[in-house]
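The following comprises the amino acid sequence and a computationally predicted model.
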Amino acid sequence: MNKKVDTILGIGLILFGLIGIFYIVPNYVDKPQFGFMAELPADMYPKIIMGTIVILGIVLFLQSLFRTKTEEKNTMLPEHKKRALIAIVIMIVFLISIEIIGYYLACALFLPFTMFYLGERKIWILGVVTFTFLGVNYLFFEKSLNIILPRGILF
């Protein structure tokens with residue numbers, strides 16, 4: 001991207017992260033009043049994510065300040081733009097399908113389709129990655145954290 005856009009995005013990310021850390025997380029993430037000291041507080045993960053956003057915003061801002069004019073000439077080829085747009089459409093369809101058919105079925109369709117679109121042609125790799133991803137997600141969210149992922153309207 002060009003220098004001006006990167007500078008503005010960097011500042012925006014820094015501000016968003018700081019607002020998240022100091023306003024959104026303290027005011028909108030409930031802290032339970034019970035539990036053991038070994039448990040992680042509920043606001044830890046959002047603060048880590050917001051802190052990461054701040055750090056990445058600082059990196060983007062500093063890169064935009066020290067970028068030379070010759071580095072700005074890199075533009076995306078038309079076929080890459082088309083491929084990126086198709087990938088974005090696939091992700092939007094995936095997000096919508098989570099509510100309709102459920103998380104697990106949407107992932108079972110999305111992962112192999114996306115990997116195939118991006119160039120992976122070995123069917124056994126598509127199956128192993130999809131099965132492993134779904135299994136780890138199920139064990140982590142449903143069994144470990146007791147978080148039920150969306151089942152969908154149809155199921």
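All right, it came through fine.

If you rank every helix and strand of the protein by mean pLDDT, what lands last?
helix 25-28 (a mean of 84; mean pLDDT, DSSP states H and E).

From the contact counts, what lies against the next helix-or-strand element following it?
Downstream of helix 25-28, the next assigned helix or strand under DSSP states H and E is helix 44-66. Helices and strands touching helix 44-66, by 3 or more C-beta pairs under 8 Å, 6 or more residues apart in numbering; DSSP states H and E, are helix 3-19, helix 25-28. Just so you know, the C-beta spots here come from the backbone N, C-alpha and C atoms, and that holds for glycine as well.

Report the buried residues of helix 44-66.
Using 16 or more other C-beta atoms under 10 Å as the test for burial, helix 44-66 gives Pro46, Lys47, Met50, Ile53, Val54, Gly57, Leu60, Phe61, Ser64.

contacts for it?
If you take C-beta atoms under 8 Å, 6 or more residues apart in numbering as the criterion, helix 44-66 is touched by 3-4, 6-7, 9-14, 16-18, 20-21, 24-25, 29.

Can you name the element that comes right after that helix?
For helix 44-66, the following helix or strand on the C-terminal side (DSSP H and E) is helix 78-101.

Just name the closest of the buried residues of helix 44-66 to Ile101, please.
Ranked by distance to Ile101 (C-beta to C-beta), the buried residues of helix 44-66 are led by Pro46 at 28.3 Å.

where in the chain is pLDDT low?
Counting by pLDDT under 70, the chain contains low-confidence ranges at 1, 32-40, 69-74, 155.

Walk me through the domains of it.
3-73, 78-144 (automatic domain parsing).
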